[in-house]
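Undergrad: Dropping the sequence and predicted coords here.
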Amino acid sequence: MFLNNSLSTQNDTWLTVREVAGLTGLPSRTVCYHCKSGRYDARLVKGAGGEQYQINLSSLPPETRAKYFSSKFQSQDNELLNCDETEVEAELYARAPEWARKRADKYLTLFRATEGLKGSALRNFLIQWNKEHENTPDLQTSYPCLTGARKTYKKHGISGLLAQYGKNKGVSSVKKEWGEYYKAVYLKEGAPSAQSCWYYTLGYARSLDPSITKDNFPGVKAFLRWIDNEVPEQAQHYARYGAASHNRKYAPYVDRDYAHVAAGAVWVSDHAQIDVAVMLPDGKACFPWVTAWRDFKTGKWLGWYVHAEAPNSDHIFYSFYLAALEHGLPQKVLLDNGKDYRCRDFAGGRVRRVKVTVDEVKANGMLHVIGVSPRFAQPYNAQTKPIERDFLKNKELFSKHMVGYRGGDVTERPEILADEIKSGKILTFNEFDVLFDSYIRTIRNRMVSKGKNLQGRSPDEAWAEEFKEKRFVDKDSLRLFCMRTSGIVTIGRNGIRDSELQVTYWAEWMSGVKGVKVYLRRDLQDYARAWVHDARTDELLGKARIAEFVAPALAETEIEKSELRDALAAKNRDRKITRAYASVSQAPTPQERLFHLKTGTDAFAVDIDPSPKILHVQNTLIDQAIKKDREMQAEHTADLSSFQPPERRKAEIYLFESDIPSKEDVMG
């Protein structure tokens, strides 16, 4: 049972608590505490007294490990003291590295071949020996070397013949404090150059000892050798290039067993930008993207979609839609989430990051409905997704042989690229789409591989042999995976008008929802029908087809008359549907409506007391006149002059008009 480090391997050395206590000088109880707290990489094993700790030697401090190895070698050397001379020679020879044993083997062979020879006879033998071994210089020698080797063997035995290369290993002209400073500036993420780190270290050394100059200071290679002796190669790589790079190059990998994975059971998805320039309909150059689904077991590409715009979740779902229509449904899918992609323009100068984010809750829901289980892989880890290695193969087999190839980076860019784009030699987007589709179907899926899964078969062959059961799914069940191919539009009098395609989508259910803002999802290979979604709630409203309300202006032929009848019939059906929505079974009478309105108003009314709390009589002028009139009536002194008729003046009668006085006479 491992407690802390899950990266331990079966080649690790495990020590008991007592052994670690002896090496570190710590009490056994303290060693156990370090195991529990995670300071040591430890595991529990069953012993005579129950479960006991075992500590991984690699998790102990460097000085403790050094003490362990020195004690181990010392014990081996002590064993040699108890052996006879022959056994010692054999043990020393066995311990020596192979390159050291080669020198001893050469001279031991020559000793046997030249036994009894000396002087000119030995010289002539060596001339002939060197001629016979012209192609193997390591076996050639000279008369002085051979005679010197005889003397050494006679004095020191086989150990004297072993090559002494590397006997100064570990001895360095670099002082420890210099090496530690160089280590601090060299082992830094970003991988600073060895030369720049040497300049920093030279300055540090001169700050401690001004007598140091560049001539008496160890060179760059001396510091690199010191680093190599002190720090393992994989540790240097981890410090200079980061954990992700170390994981790809040095960390233990899990060898996947595909024996229990059925063909078609698991699919893998990813995006890649293709390094080939193509021409869009508007005359602009772009580098298209491909979103693909690959079978996890056989490596066969099942569905792919080439698009000019940067990838998004719609492209993932639509390519899944294409794959599912042809090959049925998988049991599981593996895809990235939150991964950044570099998106470069055709000049390669500007680089922007495109993050593809999939709504995991939505994706789980959509896939769960059709019986597919999603799994989101760790971004940027090509070890978890084999499809990322396919993109490199596509680059070598397809992209590099296309007109308009730009290379993976600036150093790979062909000089002719700009001329190909400017002169219009590059393919159009549609031409490239056709070629890429043909490449995947006729080349990539039919290419033989000697990997452990295919074993000399092509992906198509492996799929044909191992794919047993197709989980068929109806096209309508996959409608949510279709591309969102329109902006927000409004359902009008004649339905939904697509201004780009110049077509109108109509269904009878639209009669009741005119004016609602919607968007369309369509199969890009079948524009005849579309699924209409509410733009506000994403709710599916229904399915629609291309249907134009168009008829000839003057119907004369039978065909034109038939078209006119169809258009009028559609219009009549729309009117009937609209009237059906507006029809009522029984309309209320005016009295009922007024009563219902009063009842509804009463729901908002508040009970109030109609009588005022304080009464105040206002005495007005009219009240005073009425009071006086009543008093006069009571005293019979009422003024009755108002009841006399007005006095009439008698008009004079004139016999002649000349007798009538003028206005001046009257005024005078």
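TA: Yep, that arrived. Computed from a prediction, not measured in an experiment: that's the story for all the values here.
Undergrad: contacts and neighbour counts: CA atoms only from here.
TA: Fine.
Undergrad: Run through the helices of the stretch 501-650 of the chain in chain order.
TA: Under the criterion DSSP state H, counting those that start in this stretch, the stretch 501-650 of the chain contains helices at 558-582, 590-602, 621-635.
Undergrad: So which elements touch the last one?
TA: Counting contacts by 3 or more C-alpha pairs under 8 Å, 6 or more residues apart in numbering; DSSP states H and E, there are no secondary-structure elements packed against helix 621-635.
Undergrad: could you give me the average pLDDT of it?
TA: The average pLDDT within helix 621-635 is 74.
Undergrad: Just give me how far it sits from the chain centre.
TA: Relative to the centre of its chain, helix 621-635 is centred 102 Å away, using C-alpha atoms, centre = their mean, to the nearest Å.
Undergrad: care to break this structure down by domain?
TA: Here the domain parsing of the chain from automatic domain parsing is 14-77, 83-161, 176-249, 266-466, 482-546.
Undergrad: Which of the helices of the stretch 501-650 of the chain comes out lowest on mean pLDDT?
TA: helix 558-582 (a mean of 58).
Undergrad: The helix or strand in which residue 43 is found: which residues count as buried?
TA: Using DSSP states H and E, residue 43 sits in strand 42-47. Using 16 or more other C-alpha atoms under 10 Å as the test for burial, strand 42-47 gives 42-43.
Undergrad: ditto for stretch 312-332
TA: 313-325, 327-332.
Undergrad: repeat for stretch 240-254
TA: Neighbour counts over stretch 240-254 (16+ other C-alpha under 10 Å) mark 240-242, 246 as buried.
Undergrad: do the same with stretch 276-295
TA: 276-280, 285-295.
Undergrad: Show me the two of those residues that sit farthest apart.
TA: 285 and 295 (32.2 Å; C-alpha to C-alpha).
Undergrad: Could you report the neighbour count for residue 374?
TA: Neighbour count of residue 374, defined by other C-alpha atoms under 10 Å: 21.
Undergrad: Show me the strands in the stretch 401-550 of the chain, by range?
TA: 483-484, 489-490, 496-498, 503-506, 517-523, 526-534, 540-546 (DSSP state E, counting those that start in this stretch).
Undergrad: Distance to residue 131 and mean neighbour count for those strands - can I get that in a markdown table?
TA: What follows is those, written out as a markdown table (distance: least, C-alpha to C-alpha, whole Å; neighbours: other C-alpha atoms under 10 Å):
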| stretch | distance to residue 131 | mean neighbour count |
| --- | --- | --- |
| strand 483-484 | 77 | 20 |
| strand 489-490 | 91 | 18 |
| strand 496-498 | 88 | 20 |
| strand 503-506 | 90 | 20 |
| strand 517-523 | 78 | 21 |
| strand 526-534 | 80 | 18 |
| strand 540-546 | 89 | 17 |
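Undergrad: And the contacts of the one helix or strand residue 52 maps to?
TA: In the assignment (DSSP H and E), residue 52 maps to strand 50-56. Outside of strand 50-56, the residues within contact range by C-alpha atoms under 8 Å, 6 or more residues apart in numbering are 12-17, 20, 32, 35, 40-46.
Undergrad: how about that strand: buried residues?
TA: Across strand 50-56, burial judged by 16+ other C-alpha under 10 Å covers 53-56.
Undergrad: Which parts of the stretch 151-300 of the chain are strands?
TA: Counting by DSSP E, counting those that start in this stretch, the strands of the stretch 151-300 of the chain are 266-273, 278-279, 285-286, 289-295.
Undergrad: between these, which one is nearest to residue 216?
TA: Closest to residue 216 of these is strand 266-273 (C-alpha to C-alpha; 53.5 Å).
Undergrad: Okay, angle between that closest one and strand 289-295 too, please.
TA: In terms of direction (axes from the mean of the first three to the mean of the last three C-alpha atoms, to 10 degrees), strand 266-273 departs from strand 289-295 by 160 degrees.
Undergrad: Now do strand 266-273: distance to the chain's middle.
TA: Here strand 266-273 is found 10 Å from its chain centre; the criterion is C-alpha atoms, centre = their mean.
Undergrad: what's next to it, contact-wise?
TA: By C-alpha under 8 Å, 6+ apart, the residues outside strand 266-273 that reach it are 287-297, 311, 316, 330-336, 343, 385, 387-388, 391.
Undergrad: Keep only those of those residues that are in helices.
TA: Residues of these located in helices (DSSP state H): 316, 387-388, 391.
Undergrad: ok, residue 424 - how many residues close by?
TA: By other C-alpha under 10 Å, neighbour count at residue 424 equals 14.
Undergrad: hmm, back to that, adding distance to residue 475 and mean pLDDT, write the strands of the stretch 151-300 of the chain out as a markdown table.
TA: Converted to a markdown table, the strands of the stretch 151-300 of the chain look like this (distance: least, C-alpha to C-alpha, whole Å; pLDDT from 0 to 100):
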| stretch | distance to residue 475 | mean pLDDT |
| --- | --- | --- |
| strand 266-273 | 19 | 88 |
| strand 278-279 | 32 | 92 |
| strand 285-286 | 32 | 90 |
| strand 289-295 | 18 | 92 |
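Undergrad: want to throw those into TSV with distance to residue 132?
TA: What follows is the strands of the stretch 151-300 of the chain, written out as TSV (distance: least, C-alpha to C-alpha, whole Å):
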stretch	distance to residue 132
strand 266-273	59
strand 278-279	64
strand 285-286	65
strand 289-295	59
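Undergrad: who wins for proximity to residue 375 among these?
TA: Of the strands of the stretch 151-300 of the chain, nearest to residue 375 by C-alpha to C-alpha is strand 266-273, at 9.6 Å.
Undergrad: circling back to that earlier point, residue 419: which of the buried residues of strand 50-56 is nearest?
TA: Comparing the buried residues of strand 50-56 against residue 419 with C-alpha to C-alpha picks out residue 56 as the nearest, at 61.9 Å.
Undergrad: Not counting residues beside it along the chain, what's closest to that closest one?
TA: residue 14 (4.7 Å; C-alpha to C-alpha, 6 or more residues apart in numbering).
Undergrad: and the gap between that neighbour and residue 136?
TA: Counting by C-alpha to C-alpha, to the nearest Å, the gap from residue 14 to residue 136 is 44 Å.
Undergrad: Show me which of these two is the more surrounded one.
TA: Neighbour totals were compared for residue 14 and residue 136, and residue 14 leads with 18 against 9 (other C-alpha under 10 Å).
Undergrad: Now for the more buried one: which residues touch it?
TA: Residue 14 makes contact with 54-57, according to C-alpha under 8 Å, 6+ apart.
Undergrad: Which phi and psi values does residue 61 adopt?
TA: Taking degrees, to the nearest 10, you get phi -60, psi 150 for the backbone angles of residue 61.
Undergrad: So residue 635 versus residue 629, what's the distance?
TA: Distance from residue 635 to residue 629, by C-alpha to C-alpha: 10 Å.
Undergrad: Check what pLDDT residue 203 gets.
TA: Confidence at residue 203, expressed as pLDDT, is 91.
Undergrad: same deal with the one 4 residues further on?
TA: At residue 207, the model reports a pLDDT of 91.
Undergrad: With the one 5 residues further on instead?
TA: What the model reports for residue 212 is a pLDDT of 90.
Undergrad: Find the nearest non-adjacent residue to it, please.
TA: The spatially closest residue to residue 212, leaving aside those adjacent along the chain, is residue 206, at 5.6 Å (C-alpha to C-alpha, 6+ apart).
Undergrad: just checking, that neighbour touches residue 217?
TA: No: between residue 206 and residue 217 there is no contact, the gap being 9.6 Å when judged by C-alpha atoms under 8 Å.
Undergrad: Touching, residue 487 and residue 521? I think so.
TA: No: contact criterion C-alpha under 8 Å: residue 487 and residue 521 do not qualify, at 10.2 Å.
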